[in-house]
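>>> Got a predicted model here, sequence first, then my questions.
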Amino acid sequence: MEKLSQQQRDQFWRDGFLVVDNAINPNNLAKLQEQFATWVEESKAETDDFGETLDGRPRFDLQPGHNEKQPALRRVQSPEEVSDIYADTMRNAHMVDFCAELIGPSIRFHHGKVNSKLPGSATQVKWHQDFLFQPMTHHDMITCLLFVDEVTLENGPLEVLPGTHNGPLYSHWHDGVFTGSVADEIIEPQKDKIVKCTGPAGAVCLMHVNLLHGSAPNLSDKPRTLYITTYYSEDAIELSENHLPSKFTHELVRGEASGRVRCTPYEMELPAVPKATSFFAQQEGADKA
């Protein structure tokens with residue numbers, strides 16, 4: 001089992017995020033890259049979102065403008081359902097041990113997805129907090145962003161506001177619509193505090209689900225692909241419909257079931273589950289029907 005140092009644990013709880021190298025076996029990393037390349041190749045024959053998830057929405061989400069010559073596969077929903085190597089990574093990568101150290105020892109899997117920014121794609125993620133999409137009885141939850149590709153300053157890295165996991169839960173509703181993002185005036189006064197998370201392929205960013213984060217478009221000729229998994233302390237219970245239901249949701253990946261539930265006080269507006277393929281449509285304002 002991989003171990004975090006006390007300094008790393010302290011940094012996570014202070015800043016709300018931590019980048020750790022070597023979060024997965026190099027051979028398995030290569031297999032993740034190969035599998036995603038296969039999905040990109042398959043997407044070239046498609047003109048619209050395709051595949052099907054557990055709740056009937058498309059599994060493969062295409063950026064507007066996607067075409068055979070310039071594919072823009074931007075998300076794969078619940079890839080662990082259709083790929084053995086993604087399922088193995090969800091259960092057995094070193095990053096799972098890191099989460100168990102921070103919020104365990106017993107943790108469950110919540111959901112997984114691949115977010116990718118292929119060269120030339122306009123994919124942008126507006127500022128948001130993950131917990132606002134997935135309220136639980138408490139927020140001992142970590143989003144793991146595994147770098148399937150090297151993440152650089154140019155190819156659309158994750159951007160975070162350190163320490164905001166200790167602050168308020170901001171509304172993601174605007175004019176009666178769940179946009180999946182916070183108001184611009186929340187971010188503007190804090191722009192000088194933004195940190196961009198970069199690192200080699202195989203690194204992971206461990207991020208508290210309350211942390212404010214987003215990312216800019218890929219301006220380089222290199223892809224930026226992340227396998228994103230969320231884990232939660234075993235004694236939490238879901239309070240709203242899962243946005244990315246999977247046959248593996250709530251699977252115990254470390255430790256033992258306690259048969260107990262823990263609750264902490266907080267208040268927030270319930271989210272709206274996407275009607276389209278993914279939350280990208282919510283942020284683009286195309287999910288109102």
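That came through fine. Just so you know, these numbers come straight off a predicted model, no measurement behind them.
>>> for the nearest residue to Leu219 once chain neighbours are set aside, what are its contacts?
Closest residue to Leu219 in three dimensions, ignoring its sequence neighbours and counting by C-beta to C-beta, 6 or more residues apart in numbering: Glu154, at 5.4 Å. Backbone N, C-alpha and C define where each C-beta goes, glycine included. For Glu154, the contact set (C-beta atoms under 8 Å, 6 or more residues apart in numbering) comprises 218-220, 222.
>>> Any stretches of the stretch 151-289 of the chain with poor pLDDT?
By pLDDT under 70, the low-scoring segments of the stretch 151-289 of the chain are 276-289.
>>> rerun that using 80 as the cut-off
275-289 (pLDDT under 80).
>>> Mind jotting down where the strands sit in it?
Along the stretch 151-289 of the chain, counting by DSSP state E, counting those that start in this stretch, strands occupy 158-160, 173-174, 177-178, 195-197, 204-208, 213-215, 224-233, 252-254.
>>> returning to what we had before: derive a PyMOL selection command for the buried subset of the contacts of Glu154.
The PyMOL command for the buried members of those (criterion: 16 or more other C-beta atoms under 10 Å) is given here:
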select buried, resi 218
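>>> Sort out for me which of the contacts of Glu154 are in helices.
With helices defined by DSSP state H, no entry of the contacts of Glu154 lies inside them.
>>> Adding distance to Asp175, write the contacts of Glu154 out as a markdown table.
Listed next are those as a markdown table, based on distance: C-beta to C-beta, whole Å:
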| residue | distance to Asp175 |
| --- | --- |
| Asn218 | 30 |
| Leu219 | 31 |
| Ser220 | 35 |
| Lys222 | 37 |
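>>> what two of the contacts of Glu154 are the furthest from one another?
Leu219 and Lys222 (10.1 Å; C-beta to C-beta).
>>> coming back round to it: mind putting the strands of the stretch 151-289 of the chain in CSV, mean neighbour count and distance to Val96 included?
Putting those into CSV (neighbours: other C-beta atoms under 10 Å; distance: least, C-beta to C-beta, whole Å) gives the following:
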stretch, mean neighbour count, distance to Val96
strand 158-160, 23, 19
strand 173-174, 14, 33
strand 177-178, 17, 30
strand 195-197, 16, 19
strand 204-208, 26, 10
strand 213-215, 23, 21
strand 224-233, 25, 7
strand 252-254, 17, 6
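>>> All good on my end, thank you.
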